[in-house]
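# how does the following fold in three dimensions:
(chains A and B)
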Amino acid sequence: MLFIQMARAQQNTGKLISGDFNKASIGQFVTDIEAKTSYHFYYDVTEFDSLKITLQVNNKPLDVVLDMAFNNTDFHYAIDQNKIFLTKGRQIKTDLAPGFSAAAPLSISNNQNNSVADYTEDKEKKVPEATTENKLYEIGTKTNTIAPGNSILSGYVRDIKSGEAVVGASIYFPSTKTGVATDQFGYFTITVPRGRQILVIRGLGMRDTRRQIILYTDGKLNIDLQEQVNTLKEVKISADKVANVRSPELGVSRLTIATIKQIPAAFGEADVLRVVLTLPGVKTVGEATTGFNVRGGAADENLILLDGATIYNPAHFFGFFAAFNPDLVKDIELYKSSIPEKYGGRLSSVLEINNREGNKKIFTGSAGIGLLTSRFNIEGPIVKDKTSFIFGARTTYSDWLLSLLPEAYKHSSASFNDFNLGISHQIDDKNNIYLTGYLSNDKFKLNSDTQYSYSNKSAALKWKHNFNNKLYSLISVGDDHYQYDINSTLNPVNAFDLGFKINQANFRADFTYYISNKHTLDFGVNSILYKLNPGTFEPDGSQSLVVPQVVPAEQALESGIYLGDKYDVSSNLTINAGVRFNVYNYLGPQTIDQYAANLPREPANVIDSTTYKSGKVINTYSAPDIRLQARYLLGDDISIKGGYNTMHQYIHLLSNSTSISPTDVYKLSDPNIKPEHGDQVSLGLFKNARQNTIEMSVEVYYKRIRDYLDYKSGAVLLLNEHIEQDVINTQGKAYGAEFLIKKTAGKLNGWVSYTYSRTFLRQDDPNAGELINNGAYYPANWDEPHAFNFTGNYKFTHRYSISLDLNYNTGRPITLPVAKYEYAGSERVFYSDRNEYRIPYYFRSDFSLNIEGNHRVHQKTHNSWTIGVYNLTGRQNAYSTFFTEQSGVISGYKLSIFASPIPFVNYNIRF
Amino acid sequence: MNSTLTKIYYSTLLLTVTVGCRKPYNPPAITAPNSYLVVEGIINSGSDSTIIQLSRTVNLSSGTTNNPVTGASVSVQSNTNTSYPLTETSTGHYSVAGLNLSNTQTYRLSIITAQNQQYKSDFEPVKVSPPVDSVGFAILSDGMQLYVNTHDPNNNTHYYRWEYAETWQFHSEYFSGFVTDGTEIVPRTQSQLIYNCFGNDTNSDIVLGSSAKLTSDVIYQGPLVKVGSTSEKLETKYSILVTQYALTSDAYTFYTNLKKNTEQLGSIFDAQPSEIAGNIHNVNNATEPVLGYISVGTTQSKRIFVSNSQLPSSWTATYPYQCQEDTFYYSAPVNHQNQVATNLVQANSDIIPTFAVYSRGTSSIIGFLASDAQCVDCTLRGTTTQPGFWK
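You can find the predicted model right below:
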């Protein structure tokens, strides 16, 4: 403590003083005392300009008054004769050194009075950067006494080396057993009792540490963390080791890039999407397909956000690679059930992929060489500690390899690349700006002259503003774009160029208001303005006779306004309740056909057609979404959670292949196509064991889907100007139970999961005419009841570790032929009811050995090798089975994609 | 290092970029609850005869696909209630000579099976096929692509289907000058020669074309069939007869789906098999699947010839079998067995003599060169009779 008890001088204290000071400046205070006594004050005005004195005294001696005024502050006084010296930081000793005889000086003592020195009217003082464990940091306005009660502590947690925000770091107060996790900007805010506190901070890949503070009033503390250099491959699903049990969320998975990187991938390159498939409740229709299915939802019911930008096609190379650069990705979060109310517009899930911020201190980078791709990234400060950038690029060089292949494959080609750029700038303590850009391109030809290409583009600007400790906002604007193009020029008369585009302009304003330690409000608005060009078909070359066709563009505005409250009812019960109100406007210019009521939507039943002008609202759908979760602690390490969600979706993917392909069509809801909607109820039991290093959970869910769009048999979806005539409203139901055991620390870590789940669809459109399976429920393509996954990593030393990944699931349903006949010169087959049969079960095991270079921190480059085998057992998993005519005879075939063990090697270098 | 990496590239790319690994697959024993009626044919509105085939589906495991429906009563009916009965000319085949129907009326097919189930097609308009402009071929690096050109000056056809019949002249690997008469080997007469033959085949795939997205009703180089450069079809002379059908939009969709379901599955971006609704229905049970689509119209055809001299001289036919000749003696040099008698003389022997082997310096035959039947006898894969159209 700063104050030293000293002997009290007895002289000159005879006169008693009374006074009433309310936020008095030092000048006012001194003048008043001088008027009432014979003392004279000596002090440096500039040192005291921030002091405000609030004090009521009645007939107290001078030294007591001064004690009260300066208690708990850094100010000191000394009385010598009738002179009073006021100082800051150090005290003037009025006595001589020991051995000299003199009158003992006066000093101060702690005093329990209600004097408060108030700094709040002054300029914001510099937020302390807490870097060391043993120092005591003072937070807030220093007061001479610490009032009982709570104050709000907020600030940022950053990496001391790079200045990057540490997301998901937990700040835990052992004295009160409360904690908080940092948000995507590394920001946290928490209410804790005033006084001396110890904070325990745990960050992803960061050394666990603690800080000591003394909290006077609301205040800020920025915490700098040291990177945990030695344990490069540590698995940490969540930084907050108690979050599994304590957070009210259920159906949420968080994975860091460190975890993602240790899972063996087909070509040795960490794959963000492939890891998602190992999580319970996530299914795919095939191992090399774009898209995934979450808890029975279709592939288009997932909102995939890269730093907030919507990515429509998240894969490269027909689905073999995720379109996200693993060197830039920081972590991913998948919401299967507790979807935050700030997100809407998709039925099943939200997958957030967060890229890192650039290093704010020094230039660093990395490069990787794989079998088919190479990648490079560089980052560094533009203005040190203020502005940083990060840039990443990936490309493939498979084309020259294809040319080595036999004649039959020579005419195939495939190439892709992607680029990421992120710039972050700290304007001041309260304002940060983030600029992100993303571009991906794919091109391929599959043994034909037809060239497919597709591309994602997006750019976003975000502004984060802290109004005060309790309220902050994030405003963002952005533009996301997806397009594909199919081009064929072999036959000059039929040469064509087909294009499809989606553009969405986004606006978001998200606010978080920290009312008290019991209530945290999230509220905001967001809007998406869609512009869809659902197909242009144009002649390519002067000889082409192709009639140009342009399917009219579609426009719509999707908006949402939301409010959510995280309410800690008691120490055991937390409720997250939110509502989101969606408004969807379908906008002109457009021509809309009206169909006779209760009749199939066919050309013959069009009774009227209305043309709307540009910008005119053609129709509006609005509906509230409810987001409700609650957690009840049954004990220190066990809790039960429940949730209920409703969702709406206004943009639909129509695909007549089993997986997302670059010829699929997106369609906006319009007067003839209703929005999809669904709801889900889920329940979970969560338990931690062994000092929170083992996390266990069981979750069950039941989900309903309404107005999902299926298409009629043989429908042509591309360039269809009346798609409402070819789609059928479908309802779905899905239910399941997910079991997960996760070990997050130790030499052996990883997780084991088992999922039992079913998904059924049923066409219930009264106006559709002939219905699939006569309107009865049939299993969805992704209905794979049993799924088992083991993902494990064992660290021998800090440099060597091995990973093993096992996957099993029931084969997906297929439609098989049940009879054959002769027609048009060949045997033909007649198919069963849809999805009546299944392909054989799927099993795959992958293995990898990770070798790190030496771990000396101070060296120019760090190297690492990953060597492994994908599909170790070489099982020929069926991707599909099909029956096709060859020379007039029907034969059954099984197609496998990765049908043998695939060895891979990957070299990475960091600098 | 380099070479192993290249190998890895090879293995992974072979598996991925191409059709991956494609293996035969036998599904669990599946039987259809019923067998369904299959109707195939076209109501020929011109002077050619109309032939309708009726059959039923069989189980997938069944050895034969041929399951004709006999004893049905089949007729063509016009929208003005004129009826033209067909007669069963062979098992499951029902036909009538040139109907010469009116192009302004619509027609349907009516079927009453022996079990008294009544089926009717929808009324279909008459689609008159425009003439085939030309049939041509393009030389590709690995074969010959045949194509068809046509157009409709009235801009009225748009949807086309073609059938083709290929005929080719070929020869067996070895010329045979001798034949057994059952008791001994005798020289072949002219009519017994089995070296030069004519092979033929018809299309087993569905060939479609559409000009619906073009400014004029033109099919330019619509692909028909590709003949590989090493095929024996091209070793002497090749001919193709192309028959052109005009389709309605619905019929085109039917054939497109049939093709998708049975010929175009197995790629990475597979379409799901879909139900194929034809235009024939059970009058009393609308939900009963009936397979097939009945169109009404005329056909046009065109034949071309391609002789080997029009093709690159580097193209040489690969004989479809591994062949070699052996010598068979009346008295084998070592053990004096009569190999001719044991191997060649019996009728229907699988080994056929080609040339005589003479005793050195004499004209006395001591044995024969001979080879397997498939290397000698071209009639196993064709006929020695020259077709009437051959020139």
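# may I have the phi/psi pair for A:Met68?
phi -70, psi -40 (degrees, to the nearest 10).
# A:Asn58 is in contact with that one, correct?
No: using C-beta atoms under 8 Å, A:Met68 is not in contact with A:Asn58; the gap is 11.5 Å. C-betas here are computed from N, CA, C, even on glycine.
# these two: who's more crowded?
Taking other C-beta atoms under 10 Å in any protein chain shown, A:Met68 and A:Asn58 do not tie; A:Met68 has more neighbours (21 against 9).
# same for the helix or strand A:Asn850 falls within, what does it pack against?
Using DSSP states H and E, A:Asn850 sits in strand A:842-852. Contact partners of strand A:842-852 among helices and strands, from 3 or more C-beta pairs under 8 Å, 6 or more residues apart in numbering or on different chains; DSSP states H and E: strand A:800-809, strand A:862-870.
# how about low-confidence regions in the stretch 251-391 of chain B?
For the stretch 251-391 of chain B, the stretches with pLDDT under 70 are B:264-272, B:275.
# now with 90?
B:253, B:256-278, B:286-289, B:320-321, B:325-326, B:330-350, B:359-365, B:391 (pLDDT under 90).
# same question for the stretch 551-700 of chain A.
If you take pLDDT under 90 as the line, the stretch 551-700 of chain A has these spans: A:568, A:570-572, A:588, A:594-609, A:615, A:635-637, A:653-665, A:688-695.
# if we go to 70?
Using pLDDT under 70, the stretch 551-700 of chain A drops low at A:656-662.
# repeat that for the stretch 101-250 of chain B.
Ranges of the stretch 101-250 of chain B meeting pLDDT under 70: none found.
# going along the chain, name the helices of it.
B:249-263 (DSSP state H, counting those that start in this stretch).
# quick check, A:Gly868 in contact with A:Ser848.
Yes: the pair A:Gly868 and A:Ser848 qualifies as a contact (C-beta under 8 Å) at a distance of 3.0 Å.
# count of residues packed around B:Gly182?
10.
# figure out how far stretch A:354-369 is from the centre of its chain.
From the chain centre to the centre of stretch A:354-369 is a distance of 19 Å (C-alpha atoms, centre = their mean, to the nearest Å).
# what's the answer for stretch A:304-314, then?
With C-alpha atoms, centre = their mean, you get 11 Å for stretch A:304-314.
# picking that back up, any shared contact partners between A:Met68 and A:Asn58?
Counting by C-beta atoms under 8 Å, 6 or more residues apart in numbering or on different chains, no residue touches both A:Met68 and A:Asn58.
# residue contacts, A:Glu352?
A:305, A:332-335.
# what bridges to A:Tyr472?
A:Asn466, A:Thr512 (DSSP bridges).
# quick one: contacts for it?
A:187, A:464-466, A:511-512.
# over to A:Phe739?
A:280, A:697-698, A:753-755.
# of all those, which comes closest to chain B?
A:Thr755 (24.5 Å; C-beta to the nearest C-beta).
# distance from the helix or strand the closest one falls within to the middle of the chain?
Here A:Thr755, judged by DSSP H and E, is contained in strand A:748-763. Distance of strand A:748-763 from the chain centroid (C-alpha atoms, centre = their mean) equals 22 Å.
# just checking stretch B:235-247 against chain A, any contact.
No: shown here: stretch B:235-247 not in contact with chain A (C-beta under 8 Å from any C-beta of the partner chain), separated by at least 10.9 Å.
# who wins on neighbours among the contacts of A:Glu352?
That'd be A:Ile332 among the contacts of A:Glu352, by other C-beta under 10 Å, with 25 neighbours.
# need the phi and psi values for it.
According to degrees, to the nearest 10, A:Ile332 has phi -130, psi 150.
# just the buried residues of stretch A:144-156, please?
Buried positions in stretch A:144-156, judged by neighbour count with 16 or more other C-beta atoms under 10 Å in any protein chain shown: A:144-146, A:151-156.
# ugh, wrong one, stretch A:485-501
A:485-489, A:491, A:493-501.
# per-residue confidence for A:Lys742?
On the pLDDT scale, A:Lys742 is placed at 90.
# my guess is it contacts A:Trp751, does it?
Yes: the pair A:Lys742 / A:Trp751 is scored as a contact, 4.1 Å apart, by C-beta under 8 Å.
# top strand in chain A by residue count?
strand A:519-539 (DSSP state E).
# report whether that one contacts chain B.
Yes: using C-beta under 8 Å from any C-beta, strand A:519-539 reaches chain B at A:Phe537.
# mind listing which of the contacts of A:Glu352 are in strands?
Using DSSP E, these in strands are A:305, A:332-335.
# columns distance to A:Leu273 on top of those, output as CSV?
As requested, the ones in strands among the contacts of A:Glu352 are exported to CSV (distance: C-beta to C-beta, whole Å):
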residue, distance to A:Leu273
A:Leu305, 13
A:Ile332, 9
A:Glu333, 14
A:Leu334, 11
A:Tyr335, 16
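# could you export those residues as TSV, including pLDDT and distance to A:Leu199?
Listed next are the ones in strands among the contacts of A:Glu352 as TSV, based on pLDDT from 0 to 100; distance: C-beta to C-beta, whole Å:
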residue	pLDDT	distance to A:Leu199
A:Leu305	94	31
A:Ile332	92	27
A:Glu333	91	24
A:Leu334	93	29
A:Tyr335	94	28
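# B:Glu124: which of the residues you listed is nearest?
For the ones in strands among the contacts of A:Glu352, the closest approach to B:Glu124 (C-beta to C-beta) belongs to A:Leu305, at 52.3 Å.
# pLDDT value on the closest residue in space to that closest one that isn't next to it in sequence, please?
Spatially, and ignoring its direct neighbours in sequence, A:Leu305 is nearest to A:Glu352 (5.1 Å; C-beta to C-beta, 6 or more residues apart in numbering or on different chains). If you check A:Glu352, the pLDDT there is 93.
# quick one: secondary structure of A:Glu352?
strand (DSSP: H, G, I helix; E, B strand; the rest coil).
# in the sheet, who's paired with it?
Here A:Glu352, judged by DSSP bridges, has bridge partners A:Leu305, A:Glu333.
# state the distance from it to chain B.
28 Å (C-beta to the nearest C-beta, to the nearest Å).
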